[in-house]
Every structure is written in C-alpha cells, then in structure tokens.
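Enquirer: got a sequence here, can you build the structure:
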Amino acid sequence: MQPEDKVIMYLMGEMSEKENLLFETQMDNNIELKNLFTEYERLFHDIENDPVERPSLQMTHRFNQLLESERKSNVRSLASKWKQYTAIAASVIILISAGVLFGIQYNQNSILDLQSKELSAIKRQISSMLSDQSVPTRVNAMYVAQNQPNSDDGLLDMLIQAMKEDESSHVRLAAVQAISGYEKNVLAKEALIHQLENESDPFVKVAIIQSLSKMKETNAVHTFDNLIEDEQTPKFIKDEAHKAKLELTKI
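Expert: From the prediction side, this is the model:
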C-alpha cells in the first residue's frame, strides 16, 4: 500500500484502532510521511469547509502545488535525464538552423520526416522516464508528454497506461491532466470514463470528472449517475459529479 493510500484511509476513518496507532507511530518517525499527511489533511479540510461550488478549484490548486513540489524535488538526480532530453531537442534545432544557414531547401516530406524522428526520440525518452522508480521522474514524464502534439496515438497509449497502472496517485493525476488535452480523441475519453469506474484515489476521481466535463463528454453522464447513487461515494465526489452532470446535460 502506497503512503498516500494510508493517509487517505486514516483521514477517512477506514483504519482500525490498532492500524491508527501504527500509522501515527510511523508518522512520528518519518518526516516525509508526516508532510504528506499535512498536505492531505489540508485538502480534506478545504473539502469539508468550502461551499459546494468551490472544492474543485481549491483541490486543483492544492494538487498543482503537490505536483509542482514533486516535480522540483530531487532535481540533481534528474539532471542527467533532462540533459539527454535537451540534447535531443537541441540536435533538431541545430539541424533546422544549419539548413537555413546553408540555404538547404527542405521539401514538405523532409520536414515531416524530421518532425516524426523528433517525436519518436521524445517518446523513447518519456518511456524511459516512466520506467524509473522515482515518482518525480515519472511525474516529469507526464509534463513532457503534455507539451507534445496531442495527435499521436502512441504517446496517448503511454499516458493511458500510466493512468491505469502507475502505483503513485501523483503520476496518475498528472496522466489525467495530460490526457485531457486530447479533447477530440474518442479513445482518450473512453479511457477516462473507464478509469473513473476503477480509480481508487478520490482526488484522482475528481480530476477525471473535471476533465470529462471540460472535454464535453456526454457519454460520461451514466458513470456520474452511478457515483451519485452509490452510498459509498464520498460527498465531495458526488457534488463534483452532480456539477459535471448539470454542465453536460446543458449541451
């Protein structure tokens, strides 16, 4: 079980008294776990005390802060990977610049071929980063992917796989944000709906609901109804699903 899963279970009262005591002892001896608990405690506090229409904005801001913190941490260990990625991009720029300087006329097929090679190199780099054991590295992979053209099915497949299989909720959340950029892609929308039905982290669920609403995916309304009607669904998720349903049924 991941640390964030333990924190959520503790805050939602899903642990036994013995498990609560063990978790509290672990926090006393683990500053990183204590800091993670503090962040989630703030999120839970915001959810319970803000009006219904505000939690999604508040949570998004908090999670952006968490992701940014993850992204900036362990920078030195990531330096070699980013140097490699930067070198790939720089090589492409040098090739294009050289063509201009020496008056080489690239026809359209040559340019498209060069762009294809560039994207292939970036995809290999993202794939390598996603196989890293470091959570910040995998989160960074999602940021890199998010900045690429959202028309490549191979890249989308990697994002969907990360959203479905990565053990870190931070990585899954970043994957959801990247996938939401594929606004007109049916496969992306279907993957988000499927993940919403299976996702365990409540805050990732909220991010998926918001993404589907942003993408105007009316096929998600049925899944929203299931969440709203399920007695086990936390109130703040029901509120977000209801809000998204209202937005989509206006279309």
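
Enquirer: and Glu190, how far is that from Ala174?
Expert: 20 Å (C-beta to C-beta, to the nearest Å). For the C-beta atoms, the positions are set from N, CA and C on the backbone; glycine is no exception.

Enquirer: which one of these two is surrounded by more residues?
Expert: Comparing Glu190 with Ala174 by neighbour count (other C-beta atoms under 10 Å), the higher total belongs to Ala174, at 30 against 14.

Enquirer: show me the helices in the chain, by range?
Expert: 3-11, 17-29, 31-49, 55-72, 75-101, 108-130, 135-146, 153-165, 169-179, 186-198, 202-214, 221-229, 235-249 (DSSP state H).

Enquirer: weakest of those by average pLDDT?
Expert: Mean pLDDT is lowest for helix 75-101 among the helices of the chain, at a mean of 46.

Enquirer: end-to-end on stretch 125-136?
Expert: 15 Å (C-alpha to C-alpha, to the nearest Å).

Enquirer: give the buried residues for it.
Expert: Gln125, Ile126, Met129, Leu130, Ser134, Val135, Pro136 (16 or more other C-beta atoms under 10 Å).

Enquirer: tell me, how many residues neighbour Gly13?
Expert: Neighbour number of Gly13 under other C-beta under 10 Å is 7.

Enquirer: just put the buried residues of stretch 125-136 in a markdown table and tack on distance to Glu217.
Expert: Below are the buried residues of stretch 125-136 laid out as a markdown table (distance: C-beta to C-beta, whole Å):
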| residue | distance to Glu217 |
| --- | --- |
| Gln125 | 30 |
| Ile126 | 25 |
| Met129 | 28 |
| Leu130 | 25 |
| Ser134 | 33 |
| Val135 | 29 |
| Pro136 | 30 |
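
Enquirer: which one of these is nearest Ser16?
Expert: Closest to Ser16 out of the buried residues of stretch 125-136 is Val135 (28.0 Å), distances taken as C-beta to C-beta.

Enquirer: and that closest one, how close does it get to Ser128?
Expert: 15 Å.

Enquirer: hang on, the earlier thing: which of the buried residues of stretch 125-136 sits closest to Leu11?
Expert: The closest of the buried residues of stretch 125-136, once distances to Leu11 are taken by C-beta to C-beta, is Val135, at 20.3 Å.

Enquirer: quick check: chain neighbours aside, which residue is closest to the closest one?
Expert: Closest residue to Val135 in three dimensions, ignoring its sequence neighbours and counting by C-beta to C-beta, 6 or more residues apart in numbering: Ser168, at 4.8 Å.

Enquirer: go on, Asp166?
Expert: Closest to Asp166 by C-beta to C-beta, 6+ apart is Arg172, at 5.4 Å.

Enquirer: likewise for Phe23?
Expert: Nearest non-adjacent residue to Phe23 (C-beta to C-beta, 6+ apart): Tyr10, at 5.3 Å.

Enquirer: list the residues that contact that neighbour.
Expert: Asn20, Phe23, Phe37 (C-beta atoms under 8 Å, 6 or more residues apart in numbering).

Enquirer: what's the spacing between the nearest residue to the first one once chain neighbours are set aside and Leu21?
Expert: Just to be clear, that refers to Asn20. Nearest non-adjacent residue to Asn20, counting by C-beta to C-beta, 6+ apart: Tyr10, 6.6 Å away. Relative to Leu21, Tyr10 is positioned 11 Å away (C-beta to C-beta).

Enquirer: cool, Pro234 as well?
Expert: 24 Å.

Enquirer: out of those two, which sits in the more crowded spot?
Expert: Between Pro234 and Leu21, counting by other C-beta under 10 Å, Pro234 is the more crowded of the two (16 against 11).
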